[in-house]
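Colleague: got a predicted model here, sequence first, then my questions.
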Amino acid sequence: MHLQLSKTGHRLSGHSGIVELMDDLGAALAGAGVADMRMLGGGNPAHVPEVQAVWRERLQAILEDTDYCDRMLANYDGPAGNPRFRESFAGALREIYGWDVGPENIAVTNGGQTAFFFLFTLLAGEMPDAGFRKVLLPLVPEYIGYSDQGVSEGIFQSYHPRIDQLDDHTFKYRIDFDALEVTDSTAAICVSRPTNPTGNVLTDDEVAHLAALAAEREIPLIIDNAYGEPFPAAVFEPIEPVWNRGMVMTFSLSKLGLPGTRTGIVLADEEIASRLRTMTGIVGLANNNIGQALVEPMLRSGQLLQLSREVIRPYYQAKSADAQRMVAEHFGNDFPYLVHRSEGAFFLWLWFPELPIATRELYARLKKRGVLIVPGEYFFFGQDNADDWPHSRQCIRLTFSQPEGVVNSGIQIIADELRKLHG
C-alpha cells in the first residue's frame, strides 16, 4: 500500500526537532543507547526531594478520599477543565497580583504544547479573506516546540536579538525594537519568559513595549510562562508579571515536577478561553484530571505559591550557579566561549563564536560519548535566511536540572570535545 498523506499530515508527521529531542530523552530514560547517558538535553524537571514528597502526600490524601479518587479517575471533566480548579487558579491570580480574572478566563489544555498548537492554529495561517497572518517572535532563539506548530506552514516571523557582551564569558540577548515590524499581517506577538532555551528574562520595560505594540494593532501578546511567576517561579531576576485584557498567558504544571500529568493552563479573554474549550472538546474530548486534582487545594491554601518561591526557585538558582561554576572550571580559557546570563528556567545557553563545525555535528559527537545536548540550530526559525547567521550554528542548550555528578561529568566531556575541535 502506498500511503497518501494530506498537506497537514505531511507537516505534522515529518521530521521535527522537538520530536527528535523527546525521542532521545525517552530512549535514554528507558535505558536504550549509550550506557550512562548524561541527559543534558531535555527539559525534564529535576526530582526535587521536597517537591516529590508533596506530590506523594497529595496522592495519598486523594487515595484516602475514595469518593474524590473515584471521581478523579472515572469521570470526564468538561473540556475547559475542572470548574473548581479554574476558580481556584483564577482566585490565586487575583490574590497574588490583583488581576481582574475569573474562571471564564481560564482554559485547561492537555499540556502547554497543546495550548500553543491551539493558539497558533486559532490565530495564524490562512484567513477567511484569503490573507495570511503570522505570529511574531520578537527574539530568536526561541522555544524549539513552537517551530512545527500550527496547521499552516510559515506562520512565524522572527527577528535576531541585540547581543550585549557583559564580560569576557557572559552575554545577554535583548529585543531589537528598531528592527521589529508589527504589520496588518501580524496575528499575535509571542515570547517565553523566562526564555527557553537561553534562560533570558525579558525586562519589564521590554514586556511593556511589546504590550503597547500589540494593543496598538489590537492583537494578542502571548507570554509563555511555563517557567515563570508565580508557578513554578524559576525566575532569578525580580520581575513584575502583567496581564491585561487582550493578553494571553500560559502556565504549566510540568515544571512544578508534574510533566506526566500533561496539564497546561491558559489565561485569556473570555472569547479565546471559550474557543480553546471547544478545540479541546473536538480534538481531545477532555483533559487529564489528575494534575488539577493534585494542585487545586494547594492553590486555595497558598501552599503552591510557597512551594514555588521557597523551594523550587532557590533549588534551580543554586543548580544554575553550580553549572556555571563547572563550565568556568572545565572550560578554562582554552577556547572562546560565552554563557548567556542565567536569569531563569533550567538551562545554560552556551555560545562558541569560533566553533569550527556546526552544533548539529557537535551534538552527534557528544551523543556518541554519552552526552545529550540540544544543538542551537533548532531554536532559530521564522526567517527565510536563518542559516545565513553564523551565530545560529554556534550555540547549544544544556540543562542543569540533572544530578550534580551527571551535569559535572557532561560538562567535562563537552570541554574535552571542544578542546579537540579547537586544537
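Modeller: Good, I have the coordinates.
Colleague: for the closest residue to His340 other than its chain neighbours, what are its contacts?
Modeller: Closest residue to His340 apart from its sequence neighbours, by CB to CB, 6 or more residues apart in numbering: Trp349 at 4.0 Å. In this view, the C-beta of every residue, glycine as well, is placed from N, C-alpha and C. By CB atoms under 8 Å, 6 or more residues apart in numbering, Trp349 lies in contact with Pro141, Pro197, Thr198, Gly199, Asn200, Val339, His340, Gly376, Cys395, Ile396, Arg397.
Colleague: so the second one is in which element?
Modeller: It refers to Pro197. Element membership for Pro197, per DSSP states H and E: none, as it lies in no helix or strand.
Colleague: what does the last one give?
Modeller: In this assignment (DSSP H and E), Arg397 forms part of strand 395-399.
Colleague: CA atoms of that strand as PDB?
Modeller: Taking C-alpha atoms only, strand 395-399 is exported to PDB below (Å, rounded to 0.1, in the frame of the first residue of the first chain):
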ATOM      1  CA  CYS A 395      25.200  27.700  20.300                       C
ATOM      2  CA  ILE A 396      24.000  24.800  22.400                       C
ATOM      3  CA  ARG A 397      21.500  24.300  25.200                       C
ATOM      4  CA  LEU A 398      22.200  22.200  28.200                       C
ATOM      5  CA  THR A 399      20.100  21.500  31.200                       C
END
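Colleague: do a quick rundown of the helices in the stretch 151-300 of the chain.
Modeller: Counting by DSSP state H, counting those that start in this stretch, the stretch 151-300 of the chain has helices at residues 204-217, 270-283, 290-301.
Colleague: how confident was the prediction at the residue nearest to Leu40 when sequence neighbours are not counted?
Modeller: Spatially, and ignoring its direct neighbours in sequence, Leu40 is nearest to Leu398 (4.1 Å; CB to CB, 6+ apart). Leu398 carries a pLDDT score of 96 in this model.
Colleague: any idea how far Leu398 lies from Met127?
Modeller: Computed as CB to CB, to the nearest Å, the Leu398 to Met127 distance reads 40 Å.
Colleague: cool, Gly376 as well?
Modeller: Applying CB to CB to Gly376 and Met127 gives a distance of 33 Å.
Colleague: out of those two, which sits in the busier spot?
Modeller: Gly376 (28 against 12; other CB atoms under 10 Å).
Colleague: return the residues in contact with the more buried one.
Modeller: Under the criterion of CB under 8 Å, 6+ apart, the neighbours of Gly376 are Pro141, Pro197, Trp349, Thr359, Ser392, Arg393, Gln394, Cys395, Ile396, Arg397.
Colleague: so what's the fourth one up against?
Modeller: The reference is to Thr359. Thr359 touches Phe352, Pro375, Gly376, Glu377, Arg393, Gln394, Cys395, Ile396, counting by CB under 8 Å, 6+ apart.
Colleague: so which of those wins on neighbours?
Modeller: Highest neighbour count within the contacts of Thr359, by other CB under 10 Å: Gly376, with 28 neighbours.
Colleague: neighbours of Ala115, how many?
Modeller: Neighbours of Ala115 (other CB under 10 Å): 27.
Colleague: wait, is it part of a strand?
Modeller: No: counting by DSSP: H, G, I helix; E, B strand; the rest coil, Ala115 is not found in a strand; it is helix.
Colleague: if I read this right, it contacts Met249, doesn't it?
Modeller: No: the criterion here is CB atoms under 8 Å, and Ala115 misses it with Met249 at 10.5 Å.
Colleague: what residues are shared contacts of the two?
Modeller: Val266.
Colleague: please enumerate the strands of the stretch 51-200 of the chain.
Modeller: 106-109, 125-126, 132-137, 156-158, 162-167, 170-174, 186-192 (DSSP state E, counting those that start in this stretch).
Colleague: the third one pairs with which strands, parallel or anti?
Modeller: Yep, that's strand 132-137 we're talking about. strand 125-126 (antiparallel), strand 156-158 (parallel), strand 186-192 (parallel) (DSSP bridges).
Colleague: how about those strands in JSON lines, adding distance to Ser320, mean pLDDT and mean neighbour count?
Modeller: Listed next are the strands paired with strand 132-137 as JSON lines, based on distance: least, CB to CB, whole Å; pLDDT from 0 to 100; neighbours: other CB atoms under 10 Å:
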{"stretch": "strand 125-126", "distance to Ser320": "37", "mean pLDDT": "94", "mean neighbour count": "16"}
{"stretch": "strand 156-158", "distance to Ser320": "26", "mean pLDDT": "97", "mean neighbour count": "22"}
{"stretch": "strand 186-192", "distance to Ser320": "17", "mean pLDDT": "98", "mean neighbour count": "23"}
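Colleague: for those, which one sits closest to Val207?
Modeller: strand 186-192 (7.8 Å; CB to CB).
Colleague: contact partners of that closest one?
Modeller: With CB under 8 Å, 6+ apart as the test, strand 186-192 has contacts from 119, 123-124, 133-139, 142-143, 146, 155, 157, 182, 202, 207, 210, 213-214, 217, 219-224, 226-227, 248.
Colleague: next, the angle helix 204-217 makes with it.
Modeller: Relative orientation of strand 186-192 versus helix 204-217 (axes from the mean of the first three to the mean of the last three CA atoms, to 10 degrees): 160 degrees.
Colleague: now strand 186-192, how far from the chain's geometric center?
Modeller: On the basis of CA atoms, centre = their mean, to the nearest Å, strand 186-192 sits 15 Å off its chain's mean C-alpha point.
Colleague: need the CA coordinates for that strand. PDB is fine.
Modeller: Taking C-alpha atoms only, strand 186-192 is exported to PDB below (Å, rounded to 0.1, in the frame of the first residue of the first chain):
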ATOM      1  CA  THR A 186       0.800  40.100  12.300                       C
ATOM      2  CA  ALA A 187      -1.600  37.700  14.100                       C
ATOM      3  CA  ALA A 188       0.000  37.900  17.600                       C
ATOM      4  CA  ILE A 189       3.300  38.600  19.400                       C
ATOM      5  CA  CYS A 190       4.700  35.600  21.300                       C
ATOM      6  CA  VAL A 191       7.500  35.300  23.800                       C
ATOM      7  CA  SER A 192       8.600  32.900  26.500                       C
END
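Colleague: I am finished for the moment; much appreciated.
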